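Peer 1: how does the following fold in three dimensions:
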Amino acid sequence: MLGEEETLRLIRCAKAGDQAAKERLLEHNVSLVKSILRRYLGKGVEYDDLYQLACMGFLKAIAGFDESFGVRFSTYAVPMIAGEIKRFLRDDGSVKVSRVLKKTARDLNEYIERRVSERGEQPTVKELAAAFRMEEGEVVLALGASRMPVSLDESGDYKDEKSVPLAERLPAKDDQDDMIEHMILKESIEKLPEREKKIVFLRYFRDMTQSEVARRIGVSQVQISRIESKIMQKFKEELS
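Peer 2: Presented below is the predicted three-dimensional model:
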């Protein structure tokens, strides 16, 4: 993958309409894109279609990324890619922005404007998460929802300013169910024994295979499979 400085340089070029920069960014982040789409295999969507959705999310991440918030591009891109796939699976592509997400995005942007006015600098994603008692990923999604441009090829650097016409933006759609499920799952994970927490972390946050987790934990792959099935069943029951 590209270094952070080169990534930022290519993002700036891509926002200025450089198609080759977009292609290079995608080319060097294919492993990231594929690692995310693998989580959604077996859900009734062909691999090629999932790949196209993931790439669309990646391009939207390029368009909406604002380096002034002090977060790595990959951190911003992951929830945007996953969100694009999840929204398609849930809504079959229909455009829908939840009231909760729109209000959150509005509150975040108003807070940002106040900080800029009072201190002359924008808060980082970490600072926003602390101020609103949110996960950093939720902040990224909310900000991204208010920033999606209609044309990914529009000229000029992206700026979080009111001077950008609303007609030139396409807000990302989301549903408050995701936020509710996130809170339920977070609470469920916190209740798990330490070994099961570690398995969930390695499998779903580090994208490791069952065999890799088994070697890390020191048990067989069969045991990991059984433990994981038990955990997933518990999560399903709590979400139902």
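
Peer 1: Lys60 versus the residue sitting nearest the centre point of the chain, what's the distance?
Peer 2: Nearest to the geometric centre of the chain sits Pro79, at 0.8 Å (C-alpha atoms, centre = their mean). Using C-beta to C-beta, to the nearest Å, Pro79 is found at 11 Å from Lys60. The C-beta positions use only the backbone N, C-alpha and C, and glycine is treated the same way.

Peer 1: okay, how far is it across stretch 193-205, tip to tip?
Peer 2: Terminal residues of stretch 193-205 lie 17 Å apart, using C-alpha to C-alpha, to the nearest Å.

Peer 1: tell me the mean pLDDT for that stretch?
Peer 2: The average pLDDT for stretch 193-205 rounds to 86.

Peer 1: ditto for stretch 103-122
Peer 2: 85.

Peer 1: which of the residues in it are buried?
Peer 2: Neighbour-count burial for stretch 103-122 flags 104-105, 108-109, 112, 115, 122 (criterion: 16 or more other C-beta atoms under 10 Å).

Peer 1: what do you get for stretch 25-45?
Peer 2: The neighbour-count check on stretch 25-45 (16+ other C-beta under 10 Å) flags 25-26, 29, 32-33, 36-37, 40, 45 as buried.

Peer 1: same deal with stretch 59-71?
Peer 2: Residues 59-66, 69, 71 are the ones in stretch 59-71 that count as buried (16+ other C-beta under 10 Å).

Peer 1: circling back: list just the nearest of the buried residues of stretch 25-45 to Glu190.
Peer 2: Nearest to Glu190, judged by C-beta to C-beta, of these is Ile36 at 24.1 Å.

Peer 1: picking that back up, from the buried residues of stretch 59-71, which is closest to Asp18?
Peer 2: Nearest member of the buried residues of stretch 59-71 to Asp18, counting by C-beta to C-beta, is Ile62, at 10.9 Å.

Peer 1: you'd agree that closest one is up against Glu23?
Peer 2: No. The criterion here is C-beta atoms under 8 Å, and Ile62 misses it with Glu23 at 11.1 Å.

Peer 1: just to revisit the earlier point, quick check: next helix or strand after the host helix or strand of the residue nearest to the centre of the chain?
Peer 2: Here Pro79 sits within helix 73-91, counting by DSSP states H and E. Sequence-wise, the next helix or strand downstream of helix 73-91 (DSSP H and E) is helix 99-119.

Peer 1: helix 73-91 and the following helix or strand past that following helix, what's the angle between them?
Peer 2: Where DSSP H and E defines the elements, the next helix or strand beyond helix 99-119 is helix 125-132. Interaxial angle, helix 125-132 versus helix 73-91 (axes from the mean of the first three to the mean of the last three C-alpha atoms, to 10 degrees): 60 degrees.

Peer 1: how about helix 125-132: buried residues?
Peer 2: Applying 16+ other C-beta under 10 Å to helix 125-132 flags 125, 127-129 as buried.

Peer 1: check which helices and strands the helix or strand that comes right after it sits against.
Peer 2: Per DSSP H and E, the first helix or strand lying C-terminal to helix 125-132 is helix 136-145. For helix 136-145, the packing partners by 3 or more C-beta pairs under 8 Å, 6 or more residues apart in numbering; DSSP states H and E come out as helix 47-64, helix 73-91, helix 99-119, helix 125-132.
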